[in-house]
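**Student:** compute the structure for the input listed below.
(chains A, B, C, D and E)
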Amino acid sequence: MKKRNHKVGAPPGTIVYSGQTRDERVKISLIEYNETDFIEKEFYDLSECMDHVQNGMVKWINVDGIHNAELIEAIGKRFNIHPLTLEDIVNPNQRAKFEDYENYVVSIMKMVTHENGATHSEQLAVVLMDGMVISFQEATGGDAFDYIRNRLRQGKGRIRKMGADYLAYALLDAVVDVYFSILEKIGDRIEVLEEDLMNEPTKATLQQLHQLKREMIYIRKAVWPMRELVNNMERSETELIKPSTDLYLRDVHDHSIRVIDTVETYRDLLSGMMDIYLSSVSNKMNEVMKVLTIITTVFVPVTFIAGVYGMNFEFMPELHSKWGYPLTWAVMIIIMGSLLIYFRKKKWL
Amino acid sequence: MKKRNHKVGAPPGTIVYSGQTRDERVKISLIEYNETDFIEKEFYDLSECMDHVQNGMVKWINVDGIHNAELIEAIGKRFNIHPLTLEDIVNPNQRAKFEDYENYVVSIMKMVTHENGATHSEQLAVVLMDGMVISFQEATGGDAFDYIRNRLRQGKGRIRKMGADYLAYALLDAVVDVYFSILEKIGDRIEVLEEDLMNEPTKATLQQLHQLKREMIYIRKAVWPMRELVNNMERSETELIKPSTDLYLRDVHDHSIRVIDTVETYRDLLSGMMDIYLSSVSNKMNEVMKVLTIITTVFVPVTFIAGVYGMNFEFMPELHSKWGYPLTWAVMIIIMGSLLIYFRKKKWL
Amino acid sequence: MKKRNHKVGAPPGTIVYSGQTRDERVKISLIEYNETDFIEKEFYDLSECMDHVQNGMVKWINVDGIHNAELIEAIGKRFNIHPLTLEDIVNPNQRAKFEDYENYVVSIMKMVTHENGATHSEQLAVVLMDGMVISFQEATGGDAFDYIRNRLRQGKGRIRKMGADYLAYALLDAVVDVYFSILEKIGDRIEVLEEDLMNEPTKATLQQLHQLKREMIYIRKAVWPMRELVNNMERSETELIKPSTDLYLRDVHDHSIRVIDTVETYRDLLSGMMDIYLSSVSNKMNEVMKVLTIITTVFVPVTFIAGVYGMNFEFMPELHSKWGYPLTWAVMIIIMGSLLIYFRKKKWL
Amino acid sequence: MKKRNHKVGAPPGTIVYSGQTRDERVKISLIEYNETDFIEKEFYDLSECMDHVQNGMVKWINVDGIHNAELIEAIGKRFNIHPLTLEDIVNPNQRAKFEDYENYVVSIMKMVTHENGATHSEQLAVVLMDGMVISFQEATGGDAFDYIRNRLRQGKGRIRKMGADYLAYALLDAVVDVYFSILEKIGDRIEVLEEDLMNEPTKATLQQLHQLKREMIYIRKAVWPMRELVNNMERSETELIKPSTDLYLRDVHDHSIRVIDTVETYRDLLSGMMDIYLSSVSNKMNEVMKVLTIITTVFVPVTFIAGVYGMNFEFMPELHSKWGYPLTWAVMIIIMGSLLIYFRKKKWL
Amino acid sequence: MKKRNHKVGAPPGTIVYSGQTRDERVKISLIEYNETDFIEKEFYDLSECMDHVQNGMVKWINVDGIHNAELIEAIGKRFNIHPLTLEDIVNPNQRAKFEDYENYVVSIMKMVTHENGATHSEQLAVVLMDGMVISFQEATGGDAFDYIRNRLRQGKGRIRKMGADYLAYALLDAVVDVYFSILEKIGDRIEVLEEDLMNEPTKATLQQLHQLKREMIYIRKAVWPMRELVNNMERSETELIKPSTDLYLRDVHDHSIRVIDTVETYRDLLSGMMDIYLSSVSNKMNEVMKVLTIITTVFVPVTFIAGVYGMNFEFMPELHSKWGYPLTWAVMIIIMGSLLIYFRKKKWL
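**Tutor:** Modelled structure (predicted):
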């Protein structure tokens, strides 16, 4: 989740990829559909892809990788995308945002995906144009859109009947939905941790707590601007988004608020758990101290008495008495006993 | 109070129940009334219910369970409810919200109920249409509306003279009122805990404190959006809510603010109590330390003296003196006495 | 300062008193005045009171107790007050608020009074109508308005020349003024506590600190909505409040902001004092630990040496040396001395 | 910095001084100037002062003390100042504010001054009228305005060419400037304290830290409303402030924001330092504990061995062995040595 | 990063440098360019510089040092800059701000630069006029603009084709970019520190933590107003900034928000790390306590037993028994063993 920005000093609008080094070839997938037809193809070359484009269908061009600056630039030129937008697309450290240009609108956000049991975060840029959506994914791996592709293929539901703006909305909705599933998992981890804290907190518990807190900080940073993004999209005056899609955007807006609510709730829970941890550490120390104190306090006085009768003075009348030894034991037992009673009264035992 | 969202990836507007598994048959209660008449019936089937509907009366259809997706869908079709609304109704993790559609308005919120000594939280959706209220309850058990039903049956007060918008308001008012009674109980628990904290805080006190804090976090999460809901309802331009009902909505708005105020006050109190707990633990440790220190400090020096005269050197003149033993005792008692006086001066005793 | 709301489930607008049980008869005081005349009477019956009302004078009806629901309802009917207002008046747990009805405006707030050395909090509702103010006090005891009554009786200042709106303002101003005097007393207690904390903090100091914090939480809860109340009153478009009174309302608005400022300042001070307490407890423990450590560290090594020469081995050459005993003493004194010097260097002594 | 408000219960607009008791006679200074002329006089009587006023010049009347209520009232009558303004002027506990009356505008604020090495805080009220500024200072001592008087006397810069509104601005600017110099001094104290904290924090450090925190709380309370004051003045629609002066007000607005920024920065720094103090106290206790633990742990086992061979059993074969004593020493030294090595490994030494 | 303001008391608009003392001669660099030509010269004198200015080119005058008040004043007179602006330019403690005058707009901000491995902060003022940018740098050393100069020299990209407003934007963009690189370095330090905290926190870790926290406080103070600056610039109605430049300003606005986001994230991380540090210190103390307690508790009871049989009573039957000594050892070993088992059960070992 580290931020790198190697661009410092470059002129604005410079299209230079500034993320992790990547070698994979950038794949372009083209999906075209209308209510009756559906076409799906893959290319490694823009002009080839353009040859296959057909009129009268909604087009979804998905670019799987943003590290090929030339390709991105070519796409920008072909579809008349502003250099500043292209710069944002290839720089994978953007804050989620929605921007409204003359001939297109663009939403940039963090997309989280699960693959092979690990969670990956990558940048997603969705450019909505007249009858077309172009999506740029930072990582070449999987994404959150398989459900959407399946729905498009099967032609079920309303998606094939709607325009490109509905497709753009569907992508956003899929991205927000993944946040829910991640928060659900974090919720489970918080519950386990809470149990641990109450029973036997260890240093590992603390580290997990800290880890969760850090994750919440990063998720929060990613999610807050999402809400703004959707909000700006809803209120945008662009004609690319039809009024009928507004209802759906309102829905995804609600979802993003629910994600934020959950994040804030978890933060509250975690900071309460930190308090619990600290007081539990204090309690443990208290317990250790009590054991030490009880043992010391019980034995120190009687050890002193034993020391006294170990002295070698010539004239110690007690030593010669027949009852000296048993009486000394008696005194020592009484002292120890009363101290133990005293501690029980103080509820230390 | 856990959140589950199994819908991830499903297309928006998919009407799939995503709460706990439930088996009960979904009951539909129909109440019809006007100023002079009152009819109350129960059904397990929508079409049957529809047959009994009469014109010219205010209708309240209460659906007791949202796990029967087909039924919800049928209701949606019958009354022209938007799929997104239906999706929200069957997904019991909604944030409280008010939405304004063309032919109806819908309020979704968390309803808390008491039954058999336990507190349950369930989702409630209230759809207000022309002359009709449809309420959807997540759980099949009791609700907060018995008082309203009784008032409707008895025809007392103004409720029978007013329209469906007043009924919708009455439902909301009942939901908010239950929050008051829950907060009252929590207030009592806080008072008991406060007393405990001042007297003899234990690990159990800490756990109760943590528990209360968590409850406040969840209640807060449920209540804050309630205020927004009522506010949006008040300011809505729908014609379904008559101006004469606005005064009542203002009242329930005030109530929701009072609930929030109380929640925030309790949060402040609880975080103050956490401080008290921590400093009380510190105080206790301090006390333990003092006991240890006093005992050790009083006996260690005299034990040393006893040790000295327990040495076996041949040439120790004191040992042969007749006054050696009593003098040693005297010295030891003086040392112990002065230490005790010193500690009393320091207010450790 | 506890909240009770026994109304749960009752229909809105139900006029049922929900505060502490009270038995006193409710007294109605009527004050009528204009620039030249002043009449003051007391009644226990509304109709009797109404008989004495004269035209052309400003009327102030003060109802001393809100537990007689029938009386409140009769007043409501007589003066055309909305049932929701009456419900708020008899429910002494209202959040301070200002509401604007067609024929009257109503302000509800918490009034604090001093009587016989104790502080009481009660609800006050002020209904301003054309040429009349009706005030409802929760408790039957004294109030903050004696100064106003005296000014009315004596006819000094501008109050007798002004209308009912000025009287309503004067009541508000009196209520806010009492908050100042309470905060002043709390300020004194904070100063005393601060001194205590710096010198010799005890468990009682902590309890007082906690007590003050709680009081600030409750005062804050009462005062914040006061500002809103006055603000709403100022901006209200009612014709009952003349523009000439707006200046005075602005003044009381400023006063309520000053009260809030002071409350927030005290909260900051108190939370700083909590830190001081905690670090002072830590410091004390540190001191205790040092005493323990010094004593133990000084005596443990020399006790060990004494123990060594208390052993009963046959072949211990030192025991038979003439210088054994004095040399041992010398070694022990050197050890103890160097440890003491070491501790002084470490600034533990 | 204490607040006193003896006015409780007095009618609004009562002109009663409510600050500390003061005996000094109230001095009235009159400065009159235009681009060419400058006149400066002092009086103890209003009417005398009025006799000297000349037409066509900008007048600055400075009243040095507000404890002479009759004088203030006379001024109010003479210049048609509203009683509420006069009440605010004589009550030295006002929150900084700007108010706009028909014939004048008034700014009330806290002015801080340095005199004889001590810092004083007093209330300043500046009334701006057509061609005249009247300033009311609470304390009779010095003020922050000597620079302004000198500039007026010398006729340098633009001040003599500008109207009364520029003079009023210059007074405000001088008041804000003094806050800068105070914050600078506090900044120096914070730096010194920071060094102390890192090296050798004592109880005195804590007290200084607390003292600084308190000062910041009070300065903050005084400065925040200053910004509002200037902002309201800027946006006021009064004709007394010429548009050409607006630029200057914008400048003093910026200054007040900078003061607030600095105050907030210092608060952040101080709360970070509190953390440092607490962890440094913990660290010290840790160190004490380590010393105690090492000493005890090293000597307790060997003292036990010495105790064993000090027992008086008849049949203890080791005692009669020639190597018993040296071997015991060897064992004891080995034990002590390994413990020390263990502690060094644990980095306790 | 200290604030100095020696100006207190000076009249507003006084052009007196109030930063650190500096001796260097102030250098004026002139860059003139249009799409085809580029001229770059350096002067130490304003009039000389003015002689070289050519019409029809965009001019960038960079003044390297603000401690020569006469020069600044001359520039002000020559280009008709308001005295208040000049005062702000020469006072290097300004809060970042944008101001809109009739004939120019001015942006003042903190510029951070890296030189010789150290970070310097200096004030930068950028005055944008018709066809000209004048930049004032506090320090005479390097700046963040070498990239811009190179681009201008080489004539690559769009910068030479655009007007003075684009140049002003480019300067701002460069300033914001440097904040990114600083935050990146701080991010690295935070990561290292985090590792340290988890493994072996020392006093040095705490000091580094505190240092980072302080740096974040200062960076935050510098960056927050940057956002406002850019925002005000974007929304300004000046005709000096062409609409085509607005897109670029929106971009730098986004960048400044990202900087702020990162700063806030780091603050959250650092405050979480403080908690980790404190609990790790507590844990360490706990460990120390356990060692002490175990050792003491294991040996104190058996030392007592040894003491008992070291007593010199005549009649102690155990002493004469043949099994006395071995049995005593057995008892002592059993006691020590069971205590160790007890501690292992308690997980102290």
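**Student:** just confirm yes or no for stretch A:150-158 near chain B.
**Tutor:** Yes - interface with chain B: stretch A:150-158 contributes A:151, A:157-158 (C-beta under 8 Å from any C-beta of the partner chain). Just so you know, the C-beta spots here come from the backbone N, C-alpha and C atoms, and that holds for glycine as well.
**Student:** look up how far C:Tyr309 lies from A:Lys347.
**Tutor:** Distance of A:Lys347 to C:Tyr309, given as C-beta to C-beta, to the nearest Å: 43 Å.
**Student:** look at these two and report which has more neighbours.
**Tutor:** Between A:Lys347 and C:Tyr309, counted using other C-beta atoms under 10 Å in any protein chain shown, the more crowded position is C:Tyr309 (21 against 9).
**Student:** tally up the residues packed near the residue in chain A that chain B sits nearest to, please.
**Tutor:** Residue nearest to chain B within chain A: A:Gly307 (3.3 Å; C-beta to the nearest C-beta). If you count neighbours by other C-beta under 10 Å, A:Gly307 ends up with 29.
**Student:** and it, its phi and psi?
**Tutor:** Main-chain dihedrals, A:Gly307, degrees, to the nearest 10: phi -60, psi -40.
**Student:** please state the offset of stretch A:127-134 from the chain centre?
**Tutor:** Between the centre of stretch A:127-134 and the centre of its chain there are 30 Å (C-alpha atoms, centre = their mean, to the nearest Å).
**Student:** which residues of the stretch 51-200 of chain A fall in helices?
**Tutor:** Shown for the stretch 51-200 of chain A, the helices assigned by DSSP state H, counting those that start in this stretch span residues A:69-79, A:83-90, A:146-154, A:164-199.
**Student:** can you redo the ones you listed as JSON lines with mean neighbour count and mean pLDDT?
**Tutor:** As requested, these are exported to JSON lines (neighbours: other C-beta atoms under 10 Å in any protein chain shown; pLDDT from 0 to 100):
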{"stretch": "helix A:69-79", "mean neighbour count": "16", "mean pLDDT": "91"}
{"stretch": "helix A:83-90", "mean neighbour count": "22", "mean pLDDT": "89"}
{"stretch": "helix A:146-154", "mean neighbour count": "15", "mean pLDDT": "88"}
{"stretch": "helix A:164-199", "mean neighbour count": "19", "mean pLDDT": "89"}
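**Student:** quick one: closest of those helices to D:Asn80.
**Tutor:** helix A:83-90 (60.0 Å; C-beta to C-beta).
**Student:** contacts for the closest one next, please.
**Tutor:** Contact partners of helix A:83-90, identified using C-beta atoms under 8 Å, 6 or more residues apart in numbering or on different chains, comprise A:12-18, A:66-67, A:69, A:72-73, A:76, A:94, A:97, A:99, A:101, A:106, A:108, A:125, A:127, A:136, E:247-248, E:251.
**Student:** how far is it from where the chain is centred?
**Tutor:** Distance, stretch centre to chain centre, for helix A:83-90: 26 Å (C-alpha atoms, centre = their mean).
**Student:** can you give the domain ranges for chain A?
**Tutor:** Following automatic domain parsing, chain A resolves into domains at A:27-278, A:286-345.
**Student:** OK, contacts around the residue in chain A positioned nearest to chain D?
**Tutor:** Of all residues in chain A, A:Gly310 sits closest to chain D, at 6.8 Å by C-beta to the nearest C-beta. Taking C-beta under 8 Å, 6+ apart, we find A:Gly310 in contact with B:306-307, B:310, C:310, D:310, E:307, E:310-312.
**Student:** at 7 Å what do you get?
**Tutor:** Residues in contact with A:Gly310 (C-beta atoms under 7 Å, 6 or more residues apart in numbering or on different chains) are B:306, B:310, C:310, D:310, E:307, E:310-312.
**Student:** could you list the low-confidence segments of the stretch 201-349 of chain A?
**Tutor:** Within the stretch 201-349 of chain A, no stretch has pLDDT under 70.
**Student:** which residue ranges of it form strands?
**Tutor:** In the stretch 201-349 of chain A, no segments count as strands under DSSP state E, counting those that start in this stretch.
**Student:** residues from it in reach of chain E?
**Tutor:** A:203, A:206-207, A:210, A:213-214, A:217, A:221, A:274, A:277-278, A:281, A:284-285, A:288-289, A:291-292, A:295-296, A:299, A:302-303, A:306-307, A:309-310, A:312, A:319-320, A:322, A:324-325 (C-beta under 7 Å from any C-beta of the partner chain).
**Student:** do I have it right that A:Val252 meets A:Asp173?
**Tutor:** Yes - assessed by C-beta atoms under 7 Å, A:Val252 is found in contact with A:Asp173 at 4.9 Å.
**Student:** for chain A, which residues are neighbours of chain C?
**Tutor:** Residues of chain A lying near chain C by C-beta under 7 Å from any C-beta: A:Gly310.
**Student:** up against chain D, what does chain A have?
**Tutor:** Residues of chain A lying near chain D (C-beta under 7 Å from any C-beta): A:Gly310.
**Student:** mind running it again at 10 Å?
**Tutor:** Selection of chain A residues close to chain D by C-beta under 10 Å from any C-beta of the partner chain yields A:296, A:303, A:306-307, A:310.
**Student:** as CSV, those residues with distance to E:Asn62 would be great.
**Tutor:** Output for the residues of chain A next to chain D, formatted as CSV (distance: C-beta to C-beta, whole Å):
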residue, distance to E:Asn62
A:Thr296, 75
A:Thr303, 83
A:Ala306, 89
A:Gly307, 86
A:Gly310, 91
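**Student:** from these, which ones fall inside helices?
**Tutor:** A:296, A:303, A:306-307 (DSSP state H).
**Student:** can you pick the most crowded of these?
**Tutor:** With neighbours taken as other C-beta under 10 Å, the top of these is A:Gly307, carrying 29 neighbours.
**Student:** and the closest residue to chain C within the stretch 101-250 of chain A, how many neighbours?
**Tutor:** Per C-beta to the nearest C-beta, A:Leu206 is where the stretch 101-250 of chain A lies closest to chain C, at 20.8 Å. Residues contacting A:Leu206 under the criterion other C-beta under 10 Å number 23.
**Student:** re earlier: let's have the helices of the stretch 51-200 of chain A in JSON lines, adding distance to B:Lys27.
**Tutor:** Output for the helices of the stretch 51-200 of chain A, formatted as JSON lines (distance: least, C-beta to C-beta, whole Å):
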{"stretch": "helix A:69-79", "distance to B:Lys27": "56"}
{"stretch": "helix A:83-90", "distance to B:Lys27": "54"}
{"stretch": "helix A:146-154", "distance to B:Lys27": "34"}
{"stretch": "helix A:164-199", "distance to B:Lys27": "31"}
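**Student:** narrow the residues of the stretch 201-349 of chain A next to chain E to those that are buried.
**Tutor:** A:206, A:210, A:213-214, A:217, A:221, A:274, A:277-278, A:281, A:284-285, A:288-289, A:291-292, A:295-296, A:299, A:302-303, A:306-307, A:309-310, A:312, A:319, A:324-325 (16 or more other C-beta atoms under 10 Å in any protein chain shown).
**Student:** A:Glu40 is in contact with A:Phe57, correct?
**Tutor:** Just to correct that, residue A:57 is Met rather than Phe. No - using C-beta atoms under 10 Å, A:Met57 and A:Glu40 do not qualify as a contacting pair, with a distance of 11.7 Å.
**Student:** which one's more surrounded, those two?
**Tutor:** Set A:Met57 next to A:Glu40 and count neighbours by other C-beta under 10 Å: A:Met57 wins out with 18 against 13.
**Student:** which non-adjacent residue is nearest the more buried one?
**Tutor:** Once flanking residues are discounted, A:Met57 sits nearest to A:Glu32: 4.2 Å by C-beta to C-beta, 6 or more residues apart in numbering or on different chains.
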